[in-house]
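Student: Structure of the sequence below:
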Amino acid sequence: MRLEQLRSFVAVAELRHFTQAAVAVGVAQPSLSKQIHSLEAELGAPLFTRLPSEVELTPAGETLLPLAQRILADAETAHREVRNLVGLTRGRVRLGATPSLCTSLAPRVLRRFHADHPGIELRVAEGGSQELVSALSHGELDLALVVLPPTGIDPALEATPILEEALVVAAAAGTPLPDPMRIEDLRDRPLVMFRPGYTLRDDAIEACRRAGFEPTFAVEGGELDAVLEFVEAGLGLAVVPEMVLANRPGLRAVPLAPPGLRRTIAIAQRRGVALTHAAAALRDVLRSDV
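Tutor: Down below sits the predicted model:
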């Protein structure tokens, strides 16, 4: 049973005339008649009684008509919904981003994407890069903005670098510090440290160890906003991306002397898994808007 057969059947049933039905469906009358005969043969029962000037539905035709109308309506709904998704008038994207990117890059990009595609639902998950990689690998996210580790990303994922940013030392405004600072200058200064799972934590600790010392923690275990609040309160220093200090007059950014510390931000997705149209559109915005 094909949709073309059902369309021809419904047209004849509603118009009670083969010639008029053929015109309405847009096929030649012999083709329409052939479709009706094939449908009757498949069902094993006549659907119409042919009269001199019109046709009438048989009991089998009366039974089939509401079912055929519902099938055609469902098919049209399916086509419309898919067209909406392809046309980006509906859909959903699940994006993961690190806390520093949620407060800097992500709002600007998502504002532009939402302006272009207001019907797309945006779901944002905030977490450390390691957590986002795990969520992406398990299919819980479509895309993730992550920090590329020196050893490379999970082989189950593919990542496209979009941004390289410098890390700086965050300090309370007015704190006397060398400018620029060397990593060695952090030896006797307490740090406000992120919780495990943050790439920023690993970067800062590894840099101190390469310089020959273990860092001292004044406060440990905070999320990004808490870390910045603790630094602003004068509890210690923190190594952070420079962009997160924008619009924070209570903090100052002290650059690190060359070679300094830098990190690469990438868009990650599952390898070999096709993105939805909505996710692909957001990926394109991320690539072009950074």
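Student: would you say Glu56 is within a strand?
Tutor: Yes: using DSSP: H, G, I helix; E, B strand; the rest coil, the assignment for Glu56 is a strand.
Student: From Ala204, how far out is the residue nearest to it when sequence neighbours are not counted?
Tutor: The shortest distance from Glu56 to any non-neighbouring residue, by CB to CB, 6 or more residues apart in numbering, is to Thr49 (4.7 Å). Quick note: C-beta positions are derived from backbone N, CA and C, even for glycine. Separation of Thr49 from Ala204 (CB to CB, to the nearest Å): 86 Å.
Student: same question, Ile71
Tutor: 62 Å.
Student: Comparing these two, which shows the higher neighbour count?
Tutor: With neighbours defined as other CB atoms under 10 Å, Ile71 and Ala204 compare such that Ala204 has more, 24 against 16.
Student: ok, now which ones touch the more buried one?
Tutor: Leu191, Met193, Pro215, Ala238, Val239, Leu261 (CB atoms under 8 Å, 6 or more residues apart in numbering).
Student: For stretch 68-83, which residues meet the burial criterion?
Tutor: If you call a residue buried by 16 or more other CB atoms under 10 Å, then stretch 68-83 has these buried ones: Ala68, Ile71.
Student: which other residues reach it?
Tutor: Taking CB under 8 Å, 6+ apart as the rule, stretch 68-83 contacts Leu3, Leu6, Arg7, Phe9, Val10, Ala13, Arg90.
Student: again with stretch 282-290
Tutor: 93, 95, 105, 108-109, 112-113, 116, 120, 142-143, 145, 160, 162-163, 265, 267, 269, 275.
Student: So which of the contacts of Ala204 sit within strands?
Tutor: Mapping these onto strands (DSSP state E) picks out Leu191, Met193, Ala238, Val239.
Student: Looking at those residues, which two lie furthest apart in space?
Tutor: Met193 and Val239 (9.0 Å; CB to CB).
Student: The one helix or strand Arg209 maps to: how far from the chain's middle?
Tutor: Using DSSP states H and E, Arg209 sits in helix 199-210. Here helix 199-210 is found 30 Å from its chain centre; the criterion is CA atoms, centre = their mean, to the nearest Å.
Student: Could you list the buried residues of it?
Tutor: Thr199, Leu200, Arg201, Asp202, Asp203, Ala204, Ile205, Ala207, Cys208.
Student: What of stretch 49-56?
Tutor: Neighbour-count burial for stretch 49-56 [16+ other CB under 10 Å]: Val55.
Student: and the end-to-end length of that stretch?
Tutor: 5 Å (CA to CA, to the nearest Å).
Student: List the contacts of it.
Tutor: Residues from elsewhere that reach stretch 49-56, judged by CB under 8 Å, 6+ apart: Val12, Arg16, His17, Phe18, Phe48, Leu57, Thr58.
Student: Next, give phi and psi for the fifth one.
Tutor: Which is Phe48. Main-chain dihedrals, Phe48, degrees, to the nearest 10: phi -130, psi 150.
Student: so what's it closest to, chain neighbours aside?
Tutor: Val55 (4.3 Å).
Student: Same check on the third one?
Tutor: Once its chain neighbours are removed from consideration, His17 has its nearest residue in Glu54; the separation is 5.7 Å (CB to CB, 6+ apart).
Student: ok, that neighbour to Pro30 distance?
Tutor: From Glu54 to Pro30 the distance is 19 Å (CB to CB).
Student: what does Leu251 give?
Tutor: As judged by CB to CB, Leu251 and Pro30 stand 81 Å apart.
Student: I'd say Ala144 and Ile265 touch.
Tutor: No: taking contacts as CB atoms under 8 Å, Ala144 lies outside contact range of Ile265: 10.6 Å.
Student: show me where pLDDT drops low in the protein?
Tutor: The model of the chain has pLDDT under 70 over residues 80-81, 83-87, 290.
Student: where exactly do the strands run in it?
Tutor: 48-50, 55-57, 91-97, 120-126, 143-147, 157-172, 191-194, 217-222, 238-241, 251-255, 262-270.
Student: by contact count, what packs against the fifth one?
Tutor: Counting contacts by 3 or more CB pairs under 8 Å, 6 or more residues apart in numbering; DSSP states H and E, the secondary-structure elements packed against strand 143-147 are strand 91-97, helix 129-137, strand 262-270, helix 277-289.
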